[in-house]
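S.K.: just coords:
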């Protein structure tokens with residue numbers, strides 16, 4: 001079974017370095033639509049490993065190509081917003097609200113890109129402002145903070161097209177895809193995740209036909225990634 005990593009947004013394959021798994025192949029998501037991306041998947045069977053909004057992309061691909069996707073591992077998964085009252089408790093709520101308008105999202109992304117170029121430290125501080133204790137301690141190490149800065153920069157520059165395409169798709173209703181995910185799904189989620197509240201994973205587990213949920217007590221968004229990815 002071929003494992004493929006799907007990074008978060010804004011993010012990049014450098015996320016694997018946070019978990020010391022640079023060997024894990026990254027799925028190139030540079031396609032005009034999910035349908036076209038699904039048609040470009042390599043021959044199966046595939047094991048898609050999705051982190052954060054990459055988990056949402058992995059679910060869509062599994063629904064579109066059940067013949068190719070044999071397994072899903074979803075870490076700190078972002079669930080469809082229509083499944084619960086998640087948005088007020090999400091650290092990136094303002095970005096998701098902006099994503100409902102193409103003009104607002106384009107303007108916000110432009111500002112983010114300029115800030116990332118002029119003051120990357122400020123962007124990282126803003127990103128980590130509302131994170132929980134576990135993630136705060138994890139990124140207290142300067143090397144990890146520098147790596148997070150590179151990850152966000154990648155997502156807003158080289159990965160900008162994917163960001164602008166997938167984020168608006170995420171904020172629109174898409175829970176109807178879940179019933180078409182036929183493969184086994186393993187969910188890993190931190191109990192103190194401030195970007196994707198843990199009840200997102202609970203909602204996914206109740207709606208996916210073959211799902212198993214593993215709660216990681218006391219961990220956050222990125223610390224769950226750092227725990228799980230080396231074990232795959």
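M.R.: Happy to help now that I have it. What you see is a predicted model; the values in this text were computed from it and never measured. Numbers count the residues shown, from 1 in each chain.

S.K.: so where do the strands sit in this protein?
M.R.: Assigned by DSSP state E, the chain shows strands spanning 2-6, 46-51, 69-75, 185-190, 211-216.

S.K.: how many other residues sit next to residue 129?
M.R.: Number of residues near residue 129 (other CB atoms under 10 Å) recorded here: 10. For the C-beta atoms, the positions are set from N, CA and C on the backbone; glycine is no exception.

S.K.: The residue nearest to it when sequence neighbours are not counted and residue 117, how far apart?
M.R.: Leaving aside its sequence neighbours, residue 129 sits nearest to residue 91 (CB to CB, 6 or more residues apart in numbering; 7.8 Å). Distance of residue 91 to residue 117, given as CB to CB, to the nearest Å: 23 Å.

S.K.: Number of residues surrounding residue 126?
M.R.: Count around residue 126 with other CB under 10 Å applied: 13.

S.K.: try residue 71
M.R.: Neighbour number of residue 71 under other CB under 10 Å is 17.

S.K.: Also residue 159?
M.R.: Going by other CB under 10 Å, the residues that sit close to residue 159 add up to 22.

S.K.: so who does the closest residue to it other than its chain neighbours touch?
M.R.: Leaving aside its chain neighbours, residue 159 sits nearest to residue 12 (5.8 Å; criterion: CB to CB, 6+ apart). Residue 12 makes contact with 150, 151, 154, 155, 158, 159, according to CB atoms under 8 Å, 6 or more residues apart in numbering.

S.K.: hang on, the earlier thing: confidence score at the residue nearest to residue 129?
M.R.: Predicted confidence (pLDDT) for residue 91: 90.

S.K.: quick revisit: distance check, the residue nearest to residue 159 against residue 27.
M.R.: Distance from residue 12 to residue 27, by CB to CB: 12 Å.

S.K.: What separation do you get for the closest residue to residue 222 other than its chain neighbours and residue 77?
M.R.: Nearest residue to residue 222, sequence neighbours excluded (CB to CB, 6+ apart): residue 135, at 5.3 Å. Distance from residue 135 to residue 77, counting by CB to CB: 16 Å.

S.K.: How much space separates the most far-flung residue of the chain relative to its centre from residue 182?
M.R.: Using CA atoms, centre = their mean, the residue of the chain lying farthest from its centre is residue 118. It sits 25.4 Å away. In this view, residue 118 and residue 182 are 47 Å apart by CB to CB.

S.K.: now do residue 27
M.R.: Relative to residue 182, and taking CB to CB, residue 27 is found at 19 Å.

S.K.: that older thread, just the ones of the contacts of residue 12 in helices?
M.R.: 150, 151, 154, 155 (DSSP state H).

S.K.: Of these, keep whichever come out buried.
M.R.: 151, 154, 155 (16 or more other CB atoms under 10 Å).

S.K.: Was I right to think the last one contacts residue 13?
M.R.: No. Assessed by CB atoms under 8 Å, residue 155 is found out of contact with residue 13, at 10.4 Å.
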